[in-house]
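[1] next come a sequence and a model predicted from it.
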Amino acid sequence: MAVLQSFVYRQPTRVYFGAGKLRECGLLARRYGTRCLLVSAPAHETALAPLYAEVRAILSKADIETVHFDGVVPNPTTAVVEAGIKRAKSWGVDLVIAVGGGSTIDTAKAISLFAGLSSLDWDRWRSILTDPFQDCIFPTSRVLPLIAIPTTSGTGSHVTQAMVISDPAKGEKNCLFHPAAFPRDAVVDPALMLTLPAGATAVTGFDAFSHAFESYLSERASVFTTLLAEKALEIILKTLPAAMAHPDELEWRGRLAWADTLAGISLANAGAGIPHPLSELVGGIRPDLAHGACLAPFYPAYVSYLAAKQNDKIAPLASLLAKTAGLEPPGSGRDPLRPIVVSFLKTIGLNRSLSDLSCTREDFTRMEQHPVLGVLPWASRADLVEILRASF
């Protein structure tokens, strides 16, 4: 008889899921105070401007004053976070609400976590907040409550303790972790994702796929996370191409939003694998590239690396994905996952190399020489460089 597995599972975020749930954000916010910092991308640069106005109107009806910080950029920077903290302090806010994709939610997490500090030593926190599963010291005695309202289905940031913050001066993109960075509440309203174009749907959807895929294979995976990851993979394989073809279909958006949430919870408890830190390495050097787009080029080489290591989870995962995708069952070959993954990448238009994303040989040299390759726990520097090279 097999020995029962021991594990820790944590999900403190309350998830309010369903079309129309946005209308409840005012009542949720009232739990935490009456002065709110609304965090978003620049209102004049996005189709979401009417949504920001709607959120402010909902909050106003709940007698909540709102100041809008709309300085979020893709691959948010330390400077953006500091600007948001300055706005929060000057306004004396009681809570933070993030409306947007992963960059917006990550920015809001960092603002809520660090707003109580008189000064922010990024080098210190980058050296401390490196483990998603440790009980870290609190930066301050008071962390601002955060409500996350995602507008994409992919990053899972609304149900994780992670925040990815870039330092352009150093050419680095760092993932920081803290248990207090979990949003208090997440309002997942699939109707907010109906305007997302096909390309962005593919990139964010593949990000969710990677969360489920990597957490399924993680050594920290448990019976809970495995169930979540399997369901998320099943939904994404079946739904993502349909959502790209019919972006205004609420049913597909709802399924993707559900899968994104399941994958995010699995990731928060089991952790990521090789592609995530490599994609952040690329994103630090090329901050113009979206996270999901940086992930995809690594997957063919990544799954081949896993097969060569004879990971015992490869065969069942390959069978699951093949069955879900309606493909022939994988044989007893040495690399059963690669053709399935490549087929999926082709279907969603992401079967591209780093060179296809306009990364240069100079970019590759900087990646190859980066010190992070010597400290990642999943593979040797030589193996990681080989994966980089094969993905270029």
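    Structure received.

[2] and the closest residue to residue 91 other than its chain neighbours, its phi and psi?
    Nearest non-adjacent residue to residue 91, counting by C-beta to C-beta, 6 or more residues apart in numbering: residue 67, 4.5 Å away. Heads up, the C-betas are built off the backbone N, CA and C, glycines and all. Main-chain dihedrals, residue 67, degrees, to the nearest 10: phi -120, psi 140.

[3] just the one 4 residues further on next, same as before
    Backbone dihedrals for residue 71, given as degrees, to the nearest 10, come out at phi -100, psi 10.

[4] from residue 114, how far off is it?
    16 Å (C-beta to C-beta, to the nearest Å).

[5] those two: which is more packed in?
    Using other C-beta atoms under 10 Å, the more surrounded residue of residue 71 and residue 114 is residue 114, with 23 against 18.

[6] wait, that one sits on residue 139?
    Yes - contact between residue 114 and residue 139 holds when scored by C-beta atoms under 8 Å: they sit 5.5 Å apart.

[7] shared neighbours of those two, anything?
    residue 125 (C-beta atoms under 8 Å, 6 or more residues apart in numbering).

[8] all helices for the stretch 1-150 of the chain, in order.
    When assigned using DSSP state H, counting those that start in this stretch, the helices of the stretch 1-150 of the chain occupy the ranges 25-29, 49-61, 78-91, 102-114, 122-128.

[9] list the buried residues of the second one.
    Residues 51, 52, 54, 55, 56, 58, 59 are the ones in helix 49-61 that count as buried (16 or more other C-beta atoms under 10 Å).

[10] where do the helices sit along the stretch 201-350 of the chain?
    Going by DSSP H, counting those that start in this stretch, the stretch 201-350 of the chain shows helices at 223-245, 250-270, 275-285, 291-295, 299-308, 314-325, 337-347.

[11] report the rounded mean pLDDT for the shortest one.
    Spelled out, it's helix 291-295. Across helix 291-295, pLDDT averages out at 90.

[12] residue contacts, the most centrally placed residue in the chain?
    For the chain, residue 155 is the residue whose C-alpha lies nearest the centre (C-alpha atoms, centre = their mean; 2.8 Å). Residue 155 makes contact with 101, 102, 105, 106, 204, 207, 208, 260, 264, 291, according to C-beta under 8 Å, 6+ apart.

[13] quick revisit: could you export the buried residues of helix 49-61 as CSV, including distance to residue 282?
    Output for the buried residues of helix 49-61, formatted as CSV (distance: C-beta to C-beta, whole Å):
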residue, distance to residue 282
51, 30
52, 30
54, 35
55, 33
56, 36
58, 38
59, 37
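
[14] so where is the stretch 201-350 of the chain shaky, pLDDT-wise?
    331-333 (pLDDT under 70).

[15] redo that, cut-off 80
    310-311, 327-334 (pLDDT under 80).

[16] can you list contacts of stretch 115-124?
    Residues contacting stretch 115-124 (C-beta under 8 Å, 6+ apart): 78, 81-82, 85, 88-89, 96, 114, 139-144, 165, 167.

[17] I'm done for today, thanks for sticking with me.
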